[in-house]
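Chemist: Predicted coordinates and the sequence they were generated for:
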Amino acid sequence: MPNHLSKETSLYLQQHASNPVDWHPWSEEALTLAREQNKPILLSIGYSACHWCHVMAHESFEDEETAALMNAHFINIKVDREERPDLDQIYQTAHQMLTRRSGGWPLTMFLAPDQTPFFGGTYFPKTSRYNLPGFRELIPRVAAFFHEQGQEISAQNTSLHDAFDSTLPHTSNAVMSGAALIAAREELERSFDPTWGGFGSAPKFPHPTDLEFCLRHYATNGDASALEMALLSLSKMADGGIYDQIGGGFCRYSVDQYWAIPHFEKMLYDNGPLLWLYSDAWTISGEARFKEIVEESAAWVMREMQSPQGGYYATLDADSEHEEGKFYVWTPAEIRALLTPQEYAVTAPHYGLDQPPNFEGKYWHLNAVRALTDVAGQLGISGEEARQLLASAKGKLFSTREGRTHPGRDEKILVSWNALMIKGMARAARIFNQPGWLASAQAAVDFIRGRMWRNGRLLAVYKDGQGRLNAYLDDYAFLLDALLELLQAEFRPEDMQFAQDLAEVLLKQFEDKELGGFFFTSHDHEQLIHRPKPGYDNATPSGNGVAAYALQRLGHVVGNMAYLEAAERTLRLFYSALEHQPGSFKSLLFTLEEFLAPPRIVVLRGQQPALHEWVEALSGIYQPHTLVFTIPNTARELPGMLDKPVTSGVNAWICQGVKCLPPIAELAELKILAKAAG
């Protein structure tokens, strides 16, 4: 018999709809049951592409005996963390407070009927192992503790609420300076891996905001060491198994420090920022491999992650046929049988097929372990011939792999994650002059505006023809930032209006007018036990950081002081935290950087085809502190800085803060200024 999840649209919840556990979605009905029956709540938070979520489900939630214990002692609530990041933030923080350990998924929390947690963990095996208590033995012990130790739980809950309050930032009156930018740069160098790139050791994550910080720092200060940290990291990731060498796109993280073996799930929110990072890195380095990464990843996004209606899907699972990585791995015999001897002679040493297996002792997950130029030299062929043979081999491997059982795809469409991909595709389209990529990004924006923008408000998630859930700070902030990027790729008046509409909702529904900054949930959101105001970057950038960054930029573009003032209030709220932990707040540091030195705004107007030449020239220059808008001659009623006259030739206007230069009529002069400014 299906449980209460059977009518939910979330793929993750649907995966649990036939469990013998009497699961409920998070709802007032479930919370009321807990209060009326004085039963504790067992809250399980995960997502569809989570490997250990599947393991715990198979071991415990599909087990009749374990499910009977859960049903007897708890009101069981299952939450998709991608749909309800508000709940996930609260209970991940609570887990850290209660256990003094970092959290993760699956998150398993035990709550009092008033939603306050009193015990928790992440993955629990069905029976004791891995130095973890068995879930089956834990259930009655936790239930007994709730009923027998009410006074202790009450005291702990008071302390927990006080601890939640202490996590909120406090406004600083200090004079804001660039000292935190220097401190963050030094902190990155201390954690940098000079051999394999990236920051820290295994497991190793891409950390896009850290890499973006390095590129921006190079542009601002000419810091060659910061540039090297970014370029080495991007090169090693491109060669590693974290990147899908056959089909494009990046996996979530590497389980080792060498980027060799990933956790195989692919997330939209990683690949969007990495698209724009590799595009930016190409403008600086001209590295051909970076361009290939962008081309292959953009093709993967459009082929596998974009819905026919335009929105981008959320994730690809790590597993297929109940085995992690099965879709991606090979044996040398399989590959040899598919390729010509000449193709195999290049492919085997390049991808390490002539070395011992690197996955589970019997499979090969492809890494570019030997440079193609070295392989060509060993074989006595030209580099171009080696490239052609490898391309032919990759095509055959891709075609064969397409016939395998694909990993599951979570087809929900999330505004915040879509926004990160829209920005990545728009930036890549602008830099590489790819109209198809731009059309993909615009289709996603049009889908969101048409299906998920209702009565002047965003919905957070769309699945099975339904938009639902009140959108969060990240949805508005990331989409506003993406629209500013999209407008630089092609100026559409409806996108500019949408950007201003989103900014107005941010100020009206999310801003703390008294203390500054933005709450993660809107003022009319469901009341929960805590209302976070997060400023630190996590797997995705900080909502406060991106909101302040995008509002500050939009304020300069349209001349709206309210946007600039909201951004400044946010910076002042988090400035003390920036000073003490600069490495955790890169998105806010980007905002600080442009608060101290406002971004430049370049407006281009003129006639084709000369105008296209100007646009292409500027797109190939890395200018992280510059916004370039190409305004069609037909555009009317333009806002702020964009309202420039139509001319017979091509002219560029450059403005920064409240100052504008005289119009520039020579492309050579504009290119010199662009390269000098960064």
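Modeler: Looks like it arrived, so ask away. Numbering: from 1, shown residues only.
Chemist: What residues of whatever helix or strand His54 lives in count as buried?
Modeler: Per DSSP states H and E, His54 falls inside helix 51-56. By 16 or more other CB atoms under 10 Å, the buried positions in helix 51-56 come out as His51, Cys53, His54, Val55, Met56. In this view, the C-beta of every residue, glycine as well, is placed from N, C-alpha and C.
Chemist: got a list of what the fourth one touches?
Modeler: In other words, Val55. For Val55, the contact set (CB atoms under 8 Å, 6 or more residues apart in numbering) comprises Tyr123.
Chemist: ditto for the first one
Modeler: Shown in contact with His51 (CB under 8 Å, 6+ apart): His263, Glu265, Ala318, Asp319, Glu324.
Chemist: The nearest residue in space to Leu661 that is not next to it in sequence: neighbour count?
Modeler: Setting aside the residues directly before and after it, Leu661 is nearest to Ile654 in space (CB to CB, 6 or more residues apart in numbering), at 4.7 Å. Neighbour count for Ile654, taken as other CB atoms under 10 Å: 21.
Chemist: Spit out the contact partners of Ile654.
Modeler: Arg600, Ile601, Val602, Cys660, Leu661, Ile664, Leu670, Leu673.
Chemist: Tell me how far the nearest residue to Leu211 once chain neighbours are set aside lies from Leu111.
Modeler: The shortest distance from Leu211 to any non-neighbouring residue, by CB to CB, 6+ apart, is to Ala230 (4.8 Å). Using CB to CB, to the nearest Å, one gets 43 Å for the distance from Ala230 to Leu111.
Chemist: Also Ala676?
Modeler: Taking CB to CB, one finds Ala676 at 57 Å from Leu111.
Chemist: what do you get for Ala281?
Modeler: Ala281 is 45 Å from Leu111, by CB to CB.
Chemist: Same question for Arg129.
Modeler: 26 Å.
Chemist: These two: which is more packed in?
Modeler: Leu111 (25 against 9).
Chemist: I figured the more buried one hits Ile41, correct?
Modeler: Yes. The pair Leu111 / Ile41 is scored as a contact, 4.1 Å apart, by CB atoms under 8 Å.
Chemist: Show me what the strand or helix carrying Ala281 is packed against.
Modeler: Following DSSP H and E, one finds Ala281 within helix 268-285. Helix 268-285 is packed against helix 208-221, helix 224-239, helix 288-300, helix 415-432, with contacts defined by 3 or more CB pairs under 8 Å, 6 or more residues apart in numbering; DSSP states H and E.
Chemist: most packed of those helices?
Modeler: helix 415-432 (a mean of 28; mean count of other CB atoms under 10 Å).
Chemist: quick one on the thing from earlier: export the helices and strands packed on helix 268-285 as CSV, with columns for distance to Trp259.
Modeler: Output for these, formatted as CSV (distance: least, CB to CB, whole Å):
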stretch, distance to Trp259
helix 208-221, 13
helix 224-239, 5
helix 288-300, 13
helix 415-432, 20
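Chemist: To Glu148, which of the ones you listed lies closest?
Modeler: helix 415-432 (42.3 Å; CB to CB).
Chemist: Mean confidence (pLDDT) on the closest one, please.
Modeler: The pLDDT scores in helix 415-432 average 98.
Chemist: any idea which helix or strand comes after it?
Modeler: Next in line after helix 415-432, if elements are assigned by DSSP H and E, sits helix 435-451.
Chemist: Flag every buried residue along that following helix.
Modeler: Those would be 437-438, 440-449, 451, for helix 435-451 by 16+ other CB under 10 Å.
Chemist: Same check on stretch 262-274?
Modeler: 262-274.
Chemist: Would you map the strands across the stretch 251-400 of the chain?
Modeler: For the stretch 251-400 of the chain, the strands defined by DSSP state E, counting those that start in this stretch occupy 253-254, 262-263, 266-267, 315-316, 319-320, 323-324.
Chemist: Looking at the ones you listed, which is nearest to Ile431?
Modeler: Judging the strands of the stretch 251-400 of the chain by CB to CB, what sits closest to Ile431 is strand 266-267, at 22.8 Å.
Chemist: Paired strands for the closest one, with orientation please.
Modeler: Note on strand 266-267: by DSSP bridges, its sheet partners are strand 315-316 (antiparallel).
Chemist: Report the distance from the partner strand to the chain centre.
Modeler: Distance of strand 315-316 from the chain centroid (CA atoms, centre = their mean, to the nearest Å) equals 13 Å.
Chemist: Please apply the same query to stretch 612-621.
Modeler: With CA atoms, centre = their mean, you get 28 Å for stretch 612-621.
Chemist: mean confidence score for it?
Modeler: Mean predicted confidence for stretch 612-621 is 94.
Chemist: Send over it as CSV, restricted to the C-alpha atoms.
Modeler: The C-alpha trace of stretch 612-621 is given here as CSV (Å, rounded to 0.1, in the frame of the first residue of the first chain):
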residue,chain,number,x,y,z
HIS,A,612,29.3,42.8,-34.0
GLU,A,613,33.1,43.2,-34.4
TRP,A,614,33.1,45.5,-31.3
VAL,A,615,31.1,43.0,-29.3
GLU,A,616,33.3,40.1,-30.3
ALA,A,617,36.4,41.9,-29.4
LEU,A,618,35.2,42.8,-25.9
SER,A,619,33.9,39.3,-25.2
GLY,A,620,37.4,37.8,-25.6
ILE,A,621,38.8,40.0,-22.9
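Chemist: Please point out which parts of that stretch sit buried.
Modeler: Buried-residue list, stretch 612-621, by 16+ other CB under 10 Å: Trp614, Val615, Leu618, Ser619, Ile621.
Chemist: Please look at the third one and Phe629 and confirm they touch.
Modeler: No. Judged on CB under 8 Å, Leu618 makes no contact with Phe629 at a distance of 10.7 Å.
Chemist: what's the closest of the strands of the stretch 251-400 of the chain to Gln552?
Modeler: With CB to CB as the criterion, Gln552 lies closest to strand 266-267 of the strands of the stretch 251-400 of the chain, at 27.8 Å.
Chemist: Run through who's touching the closest one.
Modeler: Strand 266-267 is contacted by residues Ala49, Asp244, Gly249, Phe250, Cys251, Arg252, Ala314, Thr315, Leu316, Trp417, Ala539 when judged by CB under 8 Å, 6+ apart.
Chemist: Can you add distance to Leu571 and give these back as CSV?
Modeler: CSV is the format used below for the contacts of strand 266-267 (distance: CB to CB, whole Å):
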residue, distance to Leu571
Ala49, 35
Asp244, 38
Gly249, 35
Phe250, 31
Cys251, 34
Arg252, 31
Ala314, 31
Thr315, 33
Leu316, 37
Trp417, 26
Ala539, 23
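Chemist: all helices for the stretch 51-200 of the chain, in order.
Modeler: When secondary structure is read from DSSP state H, counting those that start in this stretch, the stretch 51-200 of the chain shows helices at 51-56, 64-73, 85-99, 135-148, 150-166, 179-191.
Chemist: returning to what we had before: closest one to Gln14 out of the contacts of Ile654, please.
Modeler: Gln14 has its nearest neighbour among the contacts of Ile654 in Ile601, at 46.8 Å by CB to CB.
Chemist: Pull the residues that contact the host helix or strand of the closest one.
Modeler: Taking DSSP H and E as the criterion, Ile601 maps to strand 600-606. Contact with strand 600-606 is made by 556-557, 611, 614-615, 618, 623, 625-631, 633, 641-642, 644-647, 649-656, 670, 674, 677, as judged by CB under 8 Å, 6+ apart.
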